[in-house]
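**Student:** Next comes the sequence, and after it the predicted model I'd like to discuss.
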Amino acid sequence: AIGIGNVFSSLIHSVARNPSLAKQSFGYAILGFALTEAIASFAPMMAFLISFVFRSQKGASKSYLRSSIF
């Protein structure tokens, strides 16, 4: 939420300084919004993936863990 707020806050400031670039700035703001949302949804997905991998290997023997990591 903070990143998206920063993106649109910067959009408002840039349009206030130079209204003739409003269309181009809006395109960049939408791109920034999309990238911020992608990172925000990608990070928890990776966290769950990592936690499930380590949870499934918890009961495995040490030799299995060595062979699967290296």
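**Tutor:** In hand now; what should we look at? As the structure is a computational prediction, the values presented were derived from the model and not from experiment.
**Student:** In terms of helices and strands, where is the most centrally placed residue in the chain?
**Tutor:** Nearest to the mean C-alpha position of the chain, counting by C-alpha atoms, centre = their mean, stands I39 at 0.9 Å. Assessed by DSSP states H and E, I39 sits inside helix 22-56.
**Student:** What helices and strands are in contact with that helix?
**Tutor:** helix 2-17 (3 or more C-beta pairs under 8 Å, 6 or more residues apart in numbering; DSSP states H and E). The way it works is simple: take the backbone N, C-alpha and C, and place the C-beta from them, glycine included.
**Student:** Could you pull out the buried residues of the helix it packs on?
**Tutor:** Under the neighbour-count criterion of 16 or more other C-beta atoms under 10 Å, helix 2-17 has V7, L11, S14, V15 buried.
**Student:** can you tell me the average pLDDT over that helix?
**Tutor:** Here helix 2-17 scores 91 as its mean pLDDT.
**Student:** and if you look at stretch 50-57?
**Tutor:** Averaging pLDDT along stretch 50-57 gives 78.
**Student:** How far away from the center of its chain is that stretch?
**Tutor:** Stretch 50-57 sits 22 Å away from the centroid of its parent chain (C-alpha atoms, centre = their mean, to the nearest Å).
**Student:** by how many degrees do the helix holding I39 and helix 2-17 diverge?
**Tutor:** Counting by axes from the mean of the first three to the mean of the last three C-alpha atoms, to 10 degrees, helix 22-56 lies at 170 degrees to helix 2-17.
**Student:** Between the buried residues of helix 2-17, which sits nearest L49?
**Tutor:** Nearest to L49, judged by C-beta to C-beta, of the buried residues of helix 2-17 is V7 at 26.9 Å.
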